[in-house]
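*Asks:* turn this into a model:
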Amino acid sequence: MKIRIIKKYFLIIILSLGSLVAKGQQDAMFTQYMFNMQSINPAYAGMWERLGFLAMVRKQWAGIDRSPLTELISFHSPIKNEFVGVGFNIIHDQIGRENRLSVFGDYSYKVLLSNKLFLRLGVKFGFVNYNNNLSAYKLYPDNRFDPAYQGEIDLKFMPNFGVGGFLYTDRYYISLSIPKLITNDFKANYNNYSSVAETRHIYLTAGYLIDLPNNFKFKPSILVKGTIGAPLQVDIAANLHIKDRIEVGLMYRTGDALAAITQIAITSNITIGYAFDFTLTEIREYQNGTHEFYFSYDIDFYRRRYLRNRYF
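*Replies:* Prediction:
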């Protein structure tokens, strides 16, 4: 029992200190990425005929103090001619005492390759504001503030931009994007520790929609994320659409987690969703899973004569 308690506190310490000397930080991760691909690909902005708002909250490793928390607010809209789309994403990432606020605007343009095949090209511009209050960390096991870091606060403003392409029909899509092209790195004031480093991530996603009897639809999808110095991470998902109102699915993230996903269209404008991640790593003994909540509100602002169902 005593060993278990010591191991638990050791994990909490590692989690907190990990943000003190962090190399190659990861972009914000969402299990329900398939409902908000704009966060990783600017070409997705304005893809559908409606103006829309979206909010997501992800609490990772619930039960561990100061475990990762990610909050997102986004907006997307086509411009009246339907070929141009705009949007923005605001993402707040918190782990331990470390905070990152990402604010990016998106612009996309649609190219007609044939009557049924379309290509959207997108670009995003924005910044990441990084903050890490080093003076708030405490020594273990004394639970005292470290005098060496008193008054030390890392602050960094990091502009960035990204690009993406989205090839799609009514049945399938293929997406390729680099949300942040600039690699940012800076040193803390004390002892020259590398406090934050942002690496370039490449995302490849694809999905296919299969019709089933009784107005059911099956949608397998995959996301591959790669970055220098880290193994490829692959999300494999299988979702079932039930009469265009309910969507349920399962997802496997290589070497990390299994997840259950559900989404319900409350009205023609309002959709809610929830995902639960069960981690497969050793930390599963000390936490209560990862919870992710989704809310979207769409408006037929331009009063289109024809509105497509949104399956991806």
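
*Asks:* beyond the lowest-mean-pLDDT helix or strand in the chain, next helix or strand please.
*Replies:* The weakest-scoring helix or strand in the chain, judged by mean pLDDT, DSSP states H and E, is helix 2-17 (a mean of 42). Downstream of helix 2-17, the first helix or strand assigned by DSSP states H and E is strand 51-59.

*Asks:* got the contact list for that following strand?
*Replies:* 28-32, 35-36, 67-78, 290-299, 301-302 (Cβ atoms under 8 Å, 6 or more residues apart in numbering). For every residue, glycine as well, the C-beta is placed using N, CA and C.

*Asks:* what residues sit buried inside that strand?
*Replies:* Leu51, Gly52, Leu54, Met56, Arg58, Lys59 (16 or more other Cβ atoms under 10 Å).

*Asks:* beta-bridge partners for the last one, please?
*Replies:* Going back to what we said before, that points to Lys59. Under DSSP bridges, the beta-bridge partners of Lys59 are Leu69, His291.

*Asks:* same check, this time on the third one
*Replies:* Using DSSP bridges, the bridge partners assigned to Leu54 are Ser74, Ser296.

*Asks:* now list the buried members of the contacts of strand 51-59.
*Replies:* Using 16+ other Cβ under 10 Å, the buried members of these are 28-32, 35-36, 67-72, 74-78, 290-292, 294, 296, 298.

*Asks:* three-state assignment of Asn288?
*Replies:* The three-state label given to Asn288 by DSSP: H, G, I helix; E, B strand; the rest coil is coil.

*Asks:* what's near enough to touch it?
*Replies:* Neighbours of Asn288 in contact, by Cβ under 8 Å, 6+ apart: Trp61, Ala62, Gly63.

*Asks:* correct me, but the second one touches Tyr286?
*Replies:* It refers to Ala62. No: contact criterion Cβ atoms under 8 Å: Ala62 and Tyr286 do not qualify, at 10.8 Å.

*Asks:* looking at these two, which is more packed in?
*Replies:* Set Ala62 next to Tyr286 and count neighbours by other Cβ atoms under 10 Å: Tyr286 wins out with 18 against 14.

*Asks:* and the pLDDT for that one?
*Replies:* Tyr286 carries a pLDDT score of 84 in this model.

*Asks:* number the residues from 42 up from this point.
*Replies:* New numbering, starting at 42: the last item is Tyr327.
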